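Peer 1: starting from these lines, generate the structure:
(one chain, ligands or ions: 1)
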Amino acid sequence: MPHASMHIEPFFDPVTGTVSYVLADTDAGQAAVIDPVLDFEPKSGTLTSASSDRIIEYVRRQGWQVQWILETHAHADHLSGAQHIRHHLGGKVAIGAHIRAVQQLFRSVFHFERSFLPDGSQFDHLFEDGETFHVGGLELTALHVPGHTPADMAYRVGDDVFVGDTLFMPDVGTARADFPGGDAATLYRSIQRLLALPAHTRLHMCHDYPPENRAPAWVSTVAEQRSGNIHVHEGVTEAAFVQMRTARDATLAMPTLILPSVQVNVRAGKLPPAQDDGRTYIQLPINAFLKGAGAPQGMA
Ligand SMILES: [Fe+2]
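Peer 2: Below is the predicted model of the structure:
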């Protein structure tokens, strides 16, 4: 049964296709913010906060206190608004404990400063699989659902689950599994864990990339996903999914903001340390992902 005083407010960012949420116990006046987005314009390096400010204004209007800022994973398509939200509304910034593996990976890709430790300490809290926590009187359970990345979490509250980048709407399918540390078979198993929940369970997506013939949407039930998800409807085997996912991922370009996003998001949404001119720089490692020949010579 849905909790009588539970409210879920979605915020859709059409630029990145991301859905952020405010989850509240309205009686208690306590809330969590899930996957807040900052607005980064890569052509000019301009970083602004309108998307997160909408959430801040909404929470302030309701008069709620923010207890948690929950990340489902280190996003590769947008810079996290977690620190901006925390600065204005408070709350603990939390992510899954396996973020340490993601930090370890990207620390070397970006040659982070020595003082950056891949121990998750940049976050206020790291969730283990099955850990329970509260937003007001609502009890949530953190579920480790890796595959898209090694550290993906879903957050369940009663019959509602924030699924992060596992499932998309049934007509869009599933998240890609080809980022560093991603794995299609692991993603399949995580999705099966979600689809084993009761049929009426409402799944809240982290993204929507709607086809031209429909408006953005972000809620579907387990039953709708089981019967209609184009990638993982009932009857699709793990082997068939892995083959489909791997073939499809091979055709996808890197997301525009993956390099700016990841180097900020594994720092819990903090920017890299400022340089000695006082300015902060986002790094672009040259050819960290080049496969095979093609690098120019004589430039070092
Ligand atoms: Fe993602």
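Peer 1: name the nearest residue to the residue in the stretch 51-200 of the chain that the ion sits nearest to, ignoring sequence neighbours.
Peer 2: Closest approach between the stretch 51-200 of the chain and the ion, counting by CB to the ion: Asp165, at 3.7 Å. All C-beta spots, glycine's among them, are computed from the backbone N, C-alpha and C. By the measure of CB to CB, 6 or more residues apart in numbering, the closest residue to Asp165 outside its immediate chain neighbours is Ala175, 3.8 Å from it.
Peer 1: the one you found: how many residues sit nearby?
Peer 2: By the criterion of other CB atoms under 10 Å, Ala175 has 27 neighbours.
Peer 1: ok, it to Cys206 distance?
Peer 2: To Cys206, Ala175 is 8 Å away according to CB to CB, to the nearest Å.
Peer 1: common neighbours of these two, please.
Peer 2: Listed as contacting both Ala175 and Cys206 by CB atoms under 8 Å, 6 or more residues apart in numbering are Asp165.
Peer 1: surely the residue of the stretch 51-200 of the chain closest to the ion touches Glu71?
Peer 2: No. Using CB atoms under 8 Å, Asp165 is not in contact with Glu71; the gap is 11.2 Å.
Peer 1: okay, now the closest residue to the ion within the stretch 201-300 of the chain: neighbour count?
Peer 2: Proximity of the stretch 201-300 of the chain to the ion (CB to the ion) peaks at Cys206, 6.8 Å away. Residues near Cys206, counting by other CB under 10 Å, number 27.
Peer 1: tell me the pLDDT of it.
Peer 2: At Cys206, the predicted lDDT confidence score is 98.
Peer 1: still on that earlier bit, and the residue nearest to Asp165, what does it touch?
Peer 2: Applying CB under 8 Å, 6+ apart to Ala175 gives the contacts 147-148, 165-168, 187, 207.
Peer 1: could you report the pLDDT at it?
Peer 2: On pLDDT, Ala175 comes in at 98.
Peer 1: equivalent analysis for the one 3 residues further on, please.
Peer 2: Taken from the predicted model, the pLDDT recorded for Asp178 is 95.
Peer 1: is it correct that it is in contact with Asp249?
Peer 2: Yes. Using CB under 8 Å, Asp178 makes contact with Asp249 at a distance of 3.7 Å.
Peer 1: contact partners of stretch 293-300?
Peer 2: Asn287.
Peer 1: average pLDDT across it?
Peer 2: Per-region confidence: stretch 293-300 scores 90 on mean pLDDT.
Peer 1: and that stretch, C-alpha only, in PDB?
Peer 2: Output in PDB follows, covering the C-alpha atoms of stretch 293-300 (Å, rounded to 0.1, in the frame of the first residue of the first chain):
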ATOM      1  CA  ALA A 293      46.200   3.300 -34.400                       C
ATOM      2  CA  GLY A 294      45.600   6.900 -35.400                       C
ATOM      3  CA  ALA A 295      47.300   9.100 -32.800                       C
ATOM      4  CA  PRO A 296      49.300  11.900 -34.200                       C
ATOM      5  CA  GLN A 297      53.100  11.900 -33.800                       C
ATOM      6  CA  GLY A 298      55.600  14.600 -32.900                       C
ATOM      7  CA  MET A 299      53.300  16.600 -30.600                       C
ATOM      8  CA  ALA A 300      54.900  15.800 -27.200                       C
END
